[in-house]
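K.L.:
Quick one: sequence plus predicted model below, questions after.
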Amino acid sequence: MPSAALAFKPTPMKDVLCIGSVLWDVIGRASAVMRVGSDVPGRITRIPGGVAMNIAMTLRRFGVRPVLLTAIGRDEEGDELITAAARLGMETGYVYRSEDLPTDVYMAIEGANGLIAAIADAHSLEAADAKILTPLRDGRLGSAAAPYAGQIALDGNLTEELLRDIAQSPLFANADLRVAPASPGKAKRLMPLLDSANATIYVNLEEAGLLCNAMFETAPEAAAALLQRGAASILVTDGGRAAAHAGASGVLTATPPEVLVTRVTGAGDTFMAAHMAAEARGDAPDVALNAALRAAAVYVSGDVPS
Ligand SMILES: Nc1ncnc2c1ncn2[C@@H]1O[C@H](COP(=O)(O)OP(=O)(O)O)[C@@H](O)[C@H]1O
Ligand SMILES: O=c1[nH]cc([C@@H]2O[C@H](COP(=O)(O)O)[C@@H](O)[C@H]2O)c(=O)[nH]1
């Protein structure tokens, strides 16, 4: 088992780099049951989204200043998104602003019967490729000689090739990488990071199964399987059922507190951000796992404003 994960010094929870998708979420919601071809009255909203942005917004609740590394167009939508991110307390000065790429968009339709369909258009992020990482190379946030040494939240919207480069790059060698998949459809993109000694991976039970090409009944079973496949530190959540953290000291399991659930969107991000904050302040693995479960339980029960 890689032992480098043990060598990490907890990073001060000041700045956390958030690398990945920052875009506009356009969400259509209707109270009717919907199916293919439905055309119903409802509400359409546009809010900042993308996995890296969602994690960044959640990290703000834990007293962190997120530093965004992403691609945003030099279009009107992009200017508005930068303004919104700055207003939310994020550092936007390192964002790659592209002259020719449009700002990315995610669009989802939700009916009374749940999510009907969604399309993630993250083509500009994919096209910008390694350009979004320039500040880690040119000395502003780090360089090959002095790589960035703090916590980095990385999302699986980047291309698998770029994620593979990140796994091998000296620019990330000293980072405390915290990785989350972008969607079940993109879960496999995380494969190149699975056995990185300095990566902690956060997945739910379904995503764990996709990474292993297997069906798991429980989070501890999934975490043990991912550990077998070389993961240095892996957290598997399973809604209201037991979550697990597999790492250097084996597989830890803990059960979320029982709460009345009023919302589930964002539960995984809250779990991840709370766990990052707990480990950054030096909590032991069992303490950090329970702190993350408590924070996520409070969130799903609706006691924390979104
Ligand atoms: N029904 C629930 N009761 C208590 N906690 C929950 C419930 N659903 C989710 N949570 C909390 O949120 C965490 C992440 O939820 P999960 O559904 O596994 O993630 P994701 O949102 O990524 O699918 C869980 O480990 C738990 O701490
Ligand atoms: O391929 C992707 N799908 C979804 C997202 C983001 O994930 C959130 C929706 O995910 P969920 O259905 O888990 O709530 C949205 O903010 C959306 O922008 C993304 O970045 N990339």
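P.N.:
All right, it came through fine. Ligands and ions are numbered 1, 2, ... in the order given.
K.L.:
How about stretch 147-165 and ligand 2, touching?
P.N.:
Yes - for a cut-off given as Cβ under 6 Å from any ligand atom, stretch 147-165 has contacts with ligand 2, namely Asn157. C-beta coordinates here come from the backbone N, C-alpha and C atoms, glycine included.
K.L.:
Can you give me the end-to-end span of that stretch?
P.N.:
Using Cα to Cα, to the nearest Å, the end-to-end distance of stretch 147-165 comes out at 15 Å.
K.L.:
Stretch 27-35 too?
P.N.:
Stretch 27-35 end-to-end distance (Cα to Cα) = 16 Å.
K.L.:
where do the helices sit along the stretch 51-200 of the chain?
P.N.:
Assigned by DSSP state H, counting those that start in this stretch, the stretch 51-200 of the chain shows helices spanning 51-60, 76-87, 123-128, 160-168.
K.L.:
Pull out the buried residues from the last one.
P.N.:
Okay, so that is helix 160-168. 162-163, 165-167 (16 or more other Cβ atoms under 10 Å).
K.L.:
Identify, out of the helices of the stretch 51-200 of the chain, the most deeply packed stretch.
P.N.:
Neighbour counts (mean count of other Cβ atoms under 10 Å) averaged over each of these peak at helix 51-60, with a mean of 26.
K.L.:
What are the contacting residues of that helix?
P.N.:
Helix 51-60 is touched from outside by 16, 18-23, 48, 66, 68-70, 85, 88-90, 153-157, 180-182, 266, 269-270, 272-273, 276-277, with contacts defined as Cβ atoms under 8 Å, 6 or more residues apart in numbering.
K.L.:
Return that helix as PDB; C-alpha atoms alone will do.
P.N.:
Provided in PDB are the C-alpha atoms of helix 51-60 (Å, rounded to 0.1, in the frame of the first residue of the first chain):
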ATOM      1  CA  VAL A  51     -19.000  20.300 -10.000                       C
ATOM      2  CA  ALA A  52     -16.000  22.400  -9.100                       C
ATOM      3  CA  MET A  53     -18.200  25.400  -8.500                       C
ATOM      4  CA  ASN A  54     -20.700  23.400  -6.300                       C
ATOM      5  CA  ILE A  55     -17.800  22.100  -4.200                       C
ATOM      6  CA  ALA A  56     -16.400  25.600  -4.000                       C
ATOM      7  CA  MET A  57     -19.800  27.000  -2.800                       C
ATOM      8  CA  THR A  58     -19.900  24.300  -0.200                       C
ATOM      9  CA  LEU A  59     -16.400  24.900   0.900                       C
ATOM     10  CA  ARG A  60     -17.300  28.500   1.600                       C
END
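K.L.:
right, is that helix up against ligand 1?
P.N.:
No - judged by Cβ under 6 Å from any ligand atom, helix 51-60 and ligand 1 are separated, with a smallest distance of 10.5 Å.
K.L.:
hang on, the earlier thing: and which of the buried residues of helix 160-168 is nearest ligand 2?
P.N.:
Leu163 (13.7 Å; Cβ to the nearest ligand atom).
K.L.:
picking up where we left off before, and of the helices of the stretch 51-200 of the chain, who's closest to Tyr202?
P.N.:
helix 51-60 (9.4 Å; Cβ to Cβ).
K.L.:
Now the closest one: average pLDDT?
P.N.:
Across helix 51-60, pLDDT averages out at 94.
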